[in-house]
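[1] Here's a sequence, model it:
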Amino acid sequence: MKTKPLVRYNINAQKRSGYFAQILTSDVLEDICFKATGCREFEVVTESESYNKGRLVTIEYNNVLYYVTLSEDKVDGRNSSVQSVPSALNLFYADDRTKKKLCYYFIQYTGNYFTEYHKFIFRLLKTVGVQFLNLPSNCSAIYPYSNINEIMSARRETQGQNKSNNSSYITKFNNRIQIFGKTFGASKYESTLMALAAAKITKGKVDFFNVAENGLVELPKSSQITLSKFANIEQHSATQTLDKKISESLPETASLRNGSYLYNLLSKLGEKKCCMCQCGIPEIIQGAHIWEVSAISKTSMDFKEKFQHVNNSDNGLWLCQNHHKLFDSNIIMLLKNGQLCVRLDVNHYDEEYIKSITSCKRLDVSFLTERTKDYISKRNSSLCKEDYHRIDD
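    I've put the predicted structure just below:
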């Protein structure tokens with residue numbers, strides 16, 4: 001057992017040699033050590049090989065290892081100011097020692113660290129179990145999320161404030177949480193953090209879909225290993241495109257369905273809400289194909305073309321389970337102008353019920369792209385319009 005805490009850190013940032021030796025003055029190190037261990041006296045060991053991954057300071061004391069990840073000294077953009085944190089998380093979870101703690105420390109910085117987006121990230125960190133050693137004067141407290149609905153609501157709010165950054169989505173289906181996380185750029189850090197937070201506060205399963213982009217098809221290996229340590233996280237691929245090599249290697253029996261279809265619908269249509277009744281209970285909202293998968297699979301197109309049609313966002317609607325079944329059974333028909341029709345042979349009582357649960361008699365034309373109208377035409381080619389009448393007649 002050491003009488004004094006042992007503080008260790010690498011002095012180099014990835015692009016700034018000696019950076020941490022400059023910012024980690026004796027006063028700052030003393031404050032970090034005291035807030036983590038209660039001790040003001042400590043020993044220091046510095047390293048200079050490679051660079052400081054995760055902006056980390058580690059402290060060994062009384063058989064406990066403290067991982068302290070540091071804030072940036074300048075807040076520059078949504079993700080860049082916190083993108084080192086998941087690297088620290090990965091190193092923390094890769095350490096097999098049982099007596100360890102993960103902490104966060106705000107060094108002196110310029111800019112606004114408490115935008116709604118940053119507060120979202122900090123609350124995710126708190127949910128994962130990160131201990132904040134200090135807080136800036138403009139922040140009284142950081143609280144963890146208590147349930148998945150809180151995380152989903154906060155994510156919607158941050159997406160609404162920045163429409164260009166709707167990169168990762170979190171929703172629910174049946175008794176499972178679904179996270180569609182991009183694997184490219186700064187978004188991969190947010191994806192990892194959302195998955196860990198979701199796994200911490202749910203007893204059910206978390207499906208994490210790696211959304212491929214810019215040639216990257218999955219999270220970094222270190223993040224995959226971290227997610228694999230949680231028994232309730234299952235990782236999946238959500239490949240949005242197939243190159244020739246992949247498509248030629250797939251067997252004829254390979255599935256056309258892919259997690260990217262739901263991600264594409266989230267990107268185009270937003271959060272799950274039935275377009276026929278406005279039900280927004282995510283557990284019962286499904287992605288419904290306009291041009292049916294069964295019809296696409298019977299065409300003479302090659303697998304790659306079929307795959308693209310099946311996973312195209314223009315070929316889909318959000319529908320509750322009731323309306324999905326009515327649509328798939330062709331009891332309800334959709335016209336290219338968005339008008340909904342009901343089959344003539346439906347008895348009066350059933351038709352009245354369908355009308356009562358269908359508040360949107362004509363769908364919003366904003367998502368009826370020319371491609372969507374083409375998919376509607378393909379679907380309706382096997383139907384007879386004379387067998388239907390407008391649902392609002």
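[2] Could you use CA atoms for every contact and neighbour count after this?
    Will do.
[3] mind listing what's buried in the helix or strand harbouring residue 227?
    Using DSSP states H and E, residue 227 sits within helix 221-228. Buried residues in helix 221-228, defined by neighbour count with 16 or more other Cα atoms under 10 Å: 222-223, 226-227.
[4] try stretch 303-311
    Buried residues in stretch 303-311 (16+ other Cα under 10 Å): 303-304, 306-311.
[5] now do stretch 291-306
    Neighbour-count burial for stretch 291-306, counted by 16+ other Cα under 10 Å, picks out 291-293, 296-297, 303-304, 306.
[6] likewise stretch 273-286?
    Applying a neighbour-count criterion of 16+ other Cα under 10 Å, one finds 273-280, 282-286 buried in stretch 273-286.
[7] Can you add distance to residue 44 and give the buried residues of stretch 303-311 back as JSON lines?
    Listed next are those as JSON lines, based on distance: Cα to Cα, whole Å:
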{"residue": "303", "distance to residue 44": "60"}
{"residue": "304", "distance to residue 44": "58"}
{"residue": "306", "distance to residue 44": "61"}
{"residue": "307", "distance to residue 44": "57"}
{"residue": "308", "distance to residue 44": "57"}
{"residue": "309", "distance to residue 44": "59"}
{"residue": "310", "distance to residue 44": "58"}
{"residue": "311", "distance to residue 44": "55"}
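[8] which stretches of the stretch 151-300 of the chain form helices?
    187-201, 221-228, 244-249, 260-269, 293-297 (DSSP state H, counting those that start in this stretch).
[9] ranking those by burial, who's on top?
    Neighbour counts (mean count of other Cα atoms under 10 Å) averaged over each of the helices of the stretch 151-300 of the chain peak at helix 187-201, with a mean of 23.
[10] Next, the angle helix 221-228 makes with it.
    Relative orientation of helix 187-201 versus helix 221-228 (axes from the mean of the first three to the mean of the last three Cα atoms, to 10 degrees): 10 degrees.
[11] Which of the buried residues of helix 221-228 sits closest to residue 152?
    For these, the residue nearest residue 152 by Cα to Cα is residue 227; the value is 19.5 Å.
[12] Just say helix, strand or coil for residue 340.
    Three-state assignment for residue 340 (DSSP: H, G, I helix; E, B strand; the rest coil): strand.
[13] Determine the number of other residues adjacent to it.
    For residue 340, the neighbour count with other Cα atoms under 10 Å is 21.
[14] That one - nearest residue in space that isn't next to it in sequence?
    residue 334 (4.9 Å; Cα to Cα, 6 or more residues apart in numbering).
[15] Can you report how many residues lie near the one you found?
    By the measure other Cα under 10 Å, the count of residues near residue 334 is 22.
[16] Show the model's pLDDT score for it.
    We have a pLDDT of 97 for residue 334.
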